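Q: coords please:
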Amino acid sequence: MIDVQWFMAYLALGAVVGFFAGLLGVGGGGIMVPALTAMFAVQGLPFEHLVHVSLATSMAAIVVTSASSLRAHQKHGAIQWSIVKGITPGILLGTFGAALLAAYIPSLPLAIFFVVFMAYVSVQMWLNVKPKPSRQLPSPLGLSGVGLIIGGVSALVAIGGGSLSVPFMTWCNVKIQQAIATSAAIGLPIALAGTLGYLVSGMGVEGLPKYTFGFIYLPAAASIALVSVFTAPLGAKLAHQLPVTTLKKVFAVLLIGLSLKMLHTILTR
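A: Numbers count the residues shown, from 1 in each chain. Next up, the predicted model:
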């Protein structure tokens with residue numbers, strides 16, 4: 001049986017993830033992966049699978065929040081479905097392929113890659129860097145190539161891809177509101193392909209805890225997803241009442257702190 005305290009911890013994590021997702025429009029991977037790594041380490045999960053299970057579980061939890069976000073943006077009619085159609089083949093291939101590849105990468109290199117990427121995201125958020133619109137969208141083939149990269153990186157850090165797809169679309173003269181909405185739509189195939197990839201790559205791996213399917217630890221994924229759906233609207237509502245620019249800087253520091261904590265967990269095991 002799973003201790004009640006861990007269920008409570010997963011539910012609390014889901015509440016925090018959903019709140020920040022609604023408040024700042026960010027994915028939850030930056031919070032979930034380090035937090036789950038620490039939790040799973042305390043629970044005695046094998047070191048060699050620590051980061052893999054954290055990434056996979058985070059990706060699975062993102063499926064529900066991505067679907068909810070897509071639905072919300074679709075109501076406003078801002079999603080550019082032509083972009084989604086062009087980029088999705090590459091997204092699916094890149095995300096699924098990277099999730100399969102992750103099984104062969106040791107925990108430490110995965111953790112280092114995660115920390116470096118989150119440092120990049122944090123700096124962008126702190127400085128509020130926005131690319132200048134300076135070109136047009138590429139052809140469907142070019143979009144698919146971009147999707148391959150976005151999907152691959154997203155699978156290795158368990159994010160919905162917004163930190164990459166929104167700047168790319170903005171650079172290609174897509175209005176920011178449409179870029180954010182379209183990114184929400186792109187996040188669903190990323191989450192689905194990543195979840196499937198980690199499910200397949202973890203099949204047959206020994207030493208994983210009960211209730212783990214592939215690399216996905218279902219109790220944590222389900223608990224986080226369940227609560228985040230309810231707290232995301234609260235965060236979105238408060239986004240119009242709180243100083244979001246300041247909160248983004250606080251969140252950037254939080255991301256760096258959690259990422260370094262994750263690296264410390266891996267290095268001291």
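Q: C-alpha from now on. contacts and neighbour counts both.
A: Fine.
Q: just for the stretch 101-250 of the chain, where's the confidence low?
A: Low-confidence segments of the stretch 101-250 of the chain (pLDDT under 70): 239.
Q: Model confidence for A21, exactly?
A: Note on A21: pLDDT of 79.
Q: just checking, it touches G28?
A: Yes: assessed by C-alpha atoms under 8 Å, A21 is found in contact with G28 at 6.5 Å.
Q: Helices of the stretch 51-200 of the chain, residue ranges please.
A: For the stretch 51-200 of the chain, applying DSSP state H, counting those that start in this stretch gives helices covering 81-102, 107-127, 140-157, 162-171, 176-201.
Q: elements contacting the fourth one?
A: Same thing as helix 162-171. Using 3 or more C-alpha pairs under 8 Å, 6 or more residues apart in numbering; DSSP states H and E, the elements in contact with helix 162-171 are helix 176-201.
Q: List the buried residues of the helix it packs on.
A: 178-201 (16 or more other C-alpha atoms under 10 Å).
Q: Beyond that helix, next helix or strand please.
A: Next helix or strand after helix 176-201 toward the C-terminus (DSSP states H and E): strand 212-213.
Q: returning to that earlier point: more neighbours: A21 and G28, which one.
A: Taking neighbours as other C-alpha atoms under 10 Å, A21 and G28 compare with G28 leading, 26 against 23.
Q: Could you check how many residues crowd around the closest residue to Q177 other than its chain neighbours?
A: Ranked by C-alpha to C-alpha, 6 or more residues apart in numbering and with sequence neighbours excluded, the top spatial neighbour of Q177 is A78, at 7.0 Å. Using other C-alpha under 10 Å, A78 is surrounded by 15 other residues.
Q: Please tell me how far A78 sits from A191.
A: Distance, A78 to A191, using C-alpha to C-alpha, to the nearest Å: 21 Å.
Q: Quick check: closest non-adjacent residue to L199.
A: Here the residue nearest L199, using C-alpha to C-alpha, 6+ apart, is G214, at 4.0 Å.
Q: Who are the contact partners of the one you found?
A: 198-205 (C-alpha atoms under 8 Å, 6 or more residues apart in numbering).
Q: who's in contact with stretch 20-35?
A: By C-alpha under 8 Å, 6+ apart, the residues outside stretch 20-35 that reach it are 13, 17-18, 51, 54-55, 58-59, 62, 118, 157-163, 231-239, 244, 248, 255, 258-259, 261-262.
Q: And stretch 39-52, by the same measure?
A: Contacts of stretch 39-52 (C-alpha under 8 Å, 6+ apart): 33, 37, 54, 102-103, 106-107, 110-111, 207-209, 215, 265-266, 269.
Q: buried residues in that stretch?
A: Those would be 39-41, 45-47, 49-52, for stretch 39-52 by 16+ other C-alpha under 10 Å.
Q: can you list the residues you listed in CSV and add pLDDT?
A: Shown next, in CSV, are these (pLDDT from 0 to 100):
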residue, pLDDT
M39, 94
F40, 94
A41, 92
L45, 89
P46, 87
F47, 88
H49, 92
L50, 93
V51, 94
H52, 96
